[in-house]
Structure formats: C-alpha cells, structure tokens
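[1] Prediction below, plus the sequence it came from.
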Amino acid sequence: MRLLLLGCTGFVGRELVPHLLARGHQLVVVSRQSRPLAGLDHPDLLRIQADPALAATWQEPALLAAVAEAEGVVNLAGEPIAEKRWSEAQRRRLLDSRLGSTRNLVEALQAHPRPGRVLVNGSAVGYYGSSEDARFSESSPAASDLLGQLCLHWEAAADQASTDCRVVKLRIGIVLGPDGGALGKMLPVFRSGLGGPIGSGRQWMSWIQRTDLCALISTALETPAYQGVYNAVAPQPARMGSFAAALGRALKRPSLLPVPAAVLQLMLGDGAAVVLEGQQVVSERLESEGFRFRYPDLDSALAAATSPAAH
C-alpha cells in the first residue's frame, strides 16, 4: 500500500515507520523535523520536510504527487500536549497544529480523490475529560474542557474526508515505550530508586504499549471493516499507584516515594492535568473487532518496555 504519513517522526513514529516498511508498504513521511527518521535508509521511504499546518506546504509538487498516489494516510500531527506550560500561545499551537494540519490534509485528499483510500487519524483519550469513578467507552460524550474540545474538533476535521475515503479515528491512551512519552520520563527516576506514584496515585492511566499501537494502526489501514472511532487502549487500565508499583517490580526498584502534584504543576501549569488527572477508558469496539493485543496487561507491557532489548 502507498502510504502518506504526517506527524510520524517522533516517539510513535520511531517504531511505526519500521513496522509499516516491514509489512511491505511504501511510505512518504511529512514532518517539520529535520532529524533522521528512525535511522532508516530504505528504498520504499521518502521524506518531505514541511509543516503540514501551513496551507502553502500543500502546494509543493512532491507533496501533491504523494497525496494523489496515497492509498492510505496516517495523521498523527500535533504539538505535544504535556511538555510545556499552557500559555495562550501554547494553547494556540496545540489547536493549530492539529486542526490546521488535518483540514489542509482533508482538502488535499478531496482535491485528489482515490477509490478505496483510508485515513487513520489520531485523537486522544483526553476526549472524555477526567474522572476517578466514571468508565468511558467509544460512545461516551466529549468533555467541555480544553482537551475534550480539541479532540472533538480534531475528529470533526478528519470526518470531512469521509465522503471520499474510509476514516478511522484512534483515541490514543498513554503510550508506553522506553525512549519517550510518560514512561520515558519516569524511567530515570525509578531506576535511581526514587520513583513512586505521581500526585494522589488514584488517577486512572489508560495506556497502550507502543508495539500494540503500531499493530493497531497497520490493522486499521489494512482491514476494510475498521471504520469510525476506536479507543486505542489496552484492556486493563490501572490507577497511578498500581502503575508505579508495576514499574518498580519491572525494574526491581522501590516505588514508594510519591511525586508531589505541586512539582508538576510548577513545571507544566495546566499541562500537568494530563498526568495528575486521568480517565478509565475501555475499547468496546476493539474487543468486538477481535483485535489481539501482544501486551494486554501492565506487567507484560512494562517488562517489554524496560528490557535491554527495548533500547
């Protein structure tokens, strides 16, 4: 399959790009970043350095040709949610990097229609807001907070492509891998023996191992039955306290020292809510589709992410 990838050069892309190449797909990867792409030099991989949120980008001949030829598209483009304080400028970047990229992409796809095309578009479990008690599935409504509304509008922008192609929207949970994301930041602290639950420890973590996320993306691309919204989360969400204990077991290190919420709030402001608040999310639709997780439980997921082979 000829694929066009947006926002796939970071933490997820480091495993997704090799995974898709191994499955025989031909890739055109669009990214603002100039860093090497997963260390790959492959005849079926073409790199275009450009900002997909800028309308002018989509007038480039190489990108227009890639759009016209694409049989499938993966759109994960977006400014990281929890790495900076949510100043007004950062809020605007969070919004524009997702909505601008997606709207521009959809317009380009509509201008170059192709029968049987599929768009796999990112979203996040932040769609549902936070709760210590509620349980959310794909049919649960969007929250009224910033992340809930951001995800709602992001998905709506992707839906505009549905007249021309099959649209799959993945509400992605906390992605576990050793070299980035929340786990990547926690590992040095836990390895030093100073790890523990962040905040109250009662907040839910709805997670997915990166290998399973990559498998889900390729399954959504390759399987015509996949359409609409799926919660990209493993079957067993865990509270932060249980997550910290499981990580301590995986590393054979203590996990008793809590990280005060005030520390994260000082560093990230509103962005700390992504870690300090959580939601219990399940994927009823993946279960009904029969998707098989390689790492369905936290112990196996963390063992894989922290093994020497993972580095």
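    Sure, I can see it.
[2] Which residues outside the longest helix anywhere in the chain are in contact with it?
    In the chain, taking DSSP state H as the definition, the longest helix is helix 88-111. For helix 88-111, contacts defined as Cβ atoms under 8 Å, 6 or more residues apart in numbering pick out 6-7, 52-55, 57-58, 63-64, 67, 70, 73, 75, 77-79, 81, 84, 86, 117, 119, 121, 146, 150, 153-154, 157-158, 160-161, 163-165. C-beta here means a position set from N, CA and C on the backbone, and glycine is covered the same way.
[3] can you pull the buried residues of that helix?
    Under the neighbour-count criterion of 16 or more other Cβ atoms under 10 Å, helix 88-111 has 90, 93-95, 97-106, 108-109 buried.
[4] Could you do stretch 295-311 as well?
    Neighbour-count burial for stretch 295-311 flags 295, 298, 301-306 (criterion: 16+ other Cβ under 10 Å).
[5] Out of the residues you listed, the closest to Ser137 would be?
    Set against Ser137, the nearest of these by Cβ to Cβ is Leu298 (20.0 Å).
[6] How about the contacts made by the closest one?
    Residues near Leu298 by Cβ under 8 Å, 6+ apart: 207, 234, 236, 238, 242-243, 246.
[7] thinking again about what came up before, okay, the buried residues of stretch 295-311 in CSV with secondary structure next?
    Listed next are those as CSV, based on DSSP: H, G, I helix; E, B strand; the rest coil:
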residue, secondary structure
Tyr295, coil
Leu298, helix
Ala301, helix
Leu302, helix
Ala303, helix
Ala304, helix
Ala305, helix
Thr306, helix
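[8] Mind putting those into a markdown table with pLDDT and distance to Ser200?
    Below are those laid out as a markdown table (pLDDT from 0 to 100; distance: Cβ to Cβ, whole Å):
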| residue | pLDDT | distance to Ser200 |
| --- | --- | --- |
| Tyr295 | 97 | 26 |
| Leu298 | 95 | 19 |
| Ala301 | 96 | 23 |
| Leu302 | 95 | 21 |
| Ala303 | 94 | 26 |
| Ala304 | 93 | 28 |
| Ala305 | 91 | 24 |
| Thr306 | 89 | 24 |
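[9] Tell me the one among those nearest to Gln227.
    Tyr295 (25.1 Å).
[10] you'd agree the closest one is up against Ala301?
    Yes. Assessed by Cβ atoms under 8 Å, Tyr295 is found in contact with Ala301 at 3.9 Å.
[11] Distance-wise, check Pro260 relative to Gly193.
    Distance, Pro260 to Gly193, by Cβ to Cβ, to the nearest Å: 18 Å.
[12] More neighbours: the two, which one.
    Between Pro260 and Gly193, counted using other Cβ atoms under 10 Å, Gly193 has the larger neighbour count: 13 against 10.
[13] quick one: pLDDT of Ile174?
    At Ile174, the model reports a pLDDT of 92.
[14] Also Pro254?
    Looking at Pro254, the pLDDT reads 80.
[15] need the contact list for it.
    Pro254 neighbours (Cβ under 8 Å, 6+ apart): 193, 195-196, 248.
[16] Would you mind giving the secondary structure of it?
    Look at Pro254: counting by three-state DSSP, its state is coil.
[17] May I have the phi/psi pair for it?
    Main-chain dihedrals, Pro254, degrees, to the nearest 10: phi -70, psi 150.
[18] separation between it and Leu170?
    35 Å.
[19] What of Arg14?
    Relative to Leu170, Arg14 is positioned 18 Å away (Cβ to Cβ).
[20] With Leu187 instead?
    From Leu187 across to Leu170, the span is 25 Å (Cβ to Cβ).
[21] what residues are up against the residue nearest to the spatial centre of the chain?
    Taking Cα atoms, centre = their mean, the centroid of the chain lies closest to Ile172, which sits 4.9 Å from it. Neighbour list for Ile172: 122-125, 208, 213, 232-233 [criterion: Cβ under 8 Å, 6+ apart].
[22] Please enumerate the strands of this protein.
    Secondary structure of the chain (DSSP state E): strands located at 2-6, 26-31, 45-49, 72-75, 118-124, 135-136, 166-172, 174-176, 204-205, 207-209, 228-232, 238-239, 280-281.
[23] In CSV, list those along with distance to Ser218.
    Listed next are the strands of the chain as CSV, based on distance: least, Cβ to Cβ, whole Å:
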stretch, distance to Ser218
strand 2-6, 10
strand 26-31, 12
strand 45-49, 15
strand 72-75, 9
strand 118-124, 9
strand 135-136, 25
strand 166-172, 11
strand 174-176, 15
strand 204-205, 25
strand 207-209, 14
strand 228-232, 13
strand 238-239, 26
strand 280-281, 22
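[24] Below-threshold pLDDT in the stretch 151-300 of the chain: ranges please.
    Applying pLDDT under 70 to the stretch 151-300 of the chain picks out residues 261, 263-274.
[25] Any idea how far stretch 224-232 is from the middle of the chain?
    Centroid displacement of stretch 224-232 relative to its chain, using Cα atoms, centre = their mean, to the nearest Å, is 15 Å.
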